Every structure is written in structure tokens, then in C-alpha cells.
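K.L.:
return a 3D structure for these sequence lines:
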Amino acid sequence: MKPMDSTDSTDVTEPAAVVREFWARMQARDWTGLGALLADDLVMEWPVSAELIEGRADFVSVNAEYPEGWSIEVIRIVADGETVVSEVEVPHETVGVHRVVSLWTVREGRITTGREYWTAPGSDPSPSWRAAFVRPLQAVRRTPASRAT
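P.N.:
Numbering: from 1, shown residues only. Modelled structure (predicted):
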């Protein structure tokens, strides 16, 4: 998806479309355009690293400052009213692959809150007691039916 002009976010108001455009602008490194999709008083939680980001400017800055070498692949976006869930894969040339599940609240075409769970696949070892009930997950299947719509 081609990012919209960063000065015009008025055409993107439906919650799932806002989140899809969020990821497109993130991939494009369109920091001004990304900021246009965020509420001034955005609150972002990263529970895995126990971090809280308050405000549009700090959220955009922390992402703009992240070391280059990454890309984003949207796996799926699911919405129910103003609540949107997205799953993306973020491969990085030196850090490896991360999966991100994000829970968003979108009001009046702006992301107002988010909670993101970043993890590296396989980074949390399976305890031995589960061995009889599970098998290793080699890769997530990505079929057209499971791709983002």
C-alpha cells in the first residue's frame, strides 16, 4: 500500500484503515505522516520491556531513532468498532525477527492508545512438562486467507 500524503489523513478514518496506514507510514519512514495518525496525548504501553510512552512526539521519536535495517510485514488486522488488533513481523538485519501484536484504540481517525507485545519467535522456551502435549512451531503458515485484508 502506498502511504498517503503525510499532510492529509482526513481520508483515513475507519479504525482498521488507520492502523493499516500506520504500518504503511512506519515502513515508509514517513514520520510526519505517522504523527498525523496519532492523538497528541497518545499513550503507548510496551509491557514486555515495561515501558510507557506518553505523547505523539515521543512515540514518533523513539521509532525514528530505532537503528535502521528493519522492515514490516503486516500479517493481519482485525477490528471491532474502535478497537483494532494487528499482528506484524519485523525482520531486522542484525537483531533478528520480531513478532508484534498490537492492541489499538482509534477514535475520530486518530490512534489514542496502544499496547504492543514485542517478542522474538522461540525466545520463550517451552517447559519440559508440556512436551507430551505440544510440538515445535516451525513457522506460521501464511495463506491468502490468513493474510491481512
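
K.L.:
tell me how far the residue sitting furthest away from the middle of the chain lies from residue 126.
P.N.:
Distance from the C-alpha centroid of the chain peaks at residue 132, with 33.5 Å (C-alpha atoms, centre = their mean). Counting by C-beta to C-beta, to the nearest Å, the separation of residue 132 from residue 126 is 11 Å. For the C-beta atoms, the positions are set from N, CA and C on the backbone; glycine is no exception.

K.L.:
what is in contact with those two at once?
P.N.:
When C-beta atoms under 8 Å, 6 or more residues apart in numbering defines a contact, no residue borders residue 132 and residue 126 alike.

K.L.:
distance from the longest helix along the chain to the middle of the chain?
P.N.:
Secondary structure of the chain read by DSSP state H shows that its longest helix is helix 15-28. The offset between the C-alpha centroid of helix 15-28 and the centroid of the whole chain comes to 9 Å, using C-alpha atoms, centre = their mean, to the nearest Å.

K.L.:
in the chain, what spans have low per-residue confidence?
P.N.:
When the per-residue scores of the chain are filtered using pLDDT under 70, the ranges that remain are 1-11, 139-149.

K.L.:
I appreciate the help and will end here.
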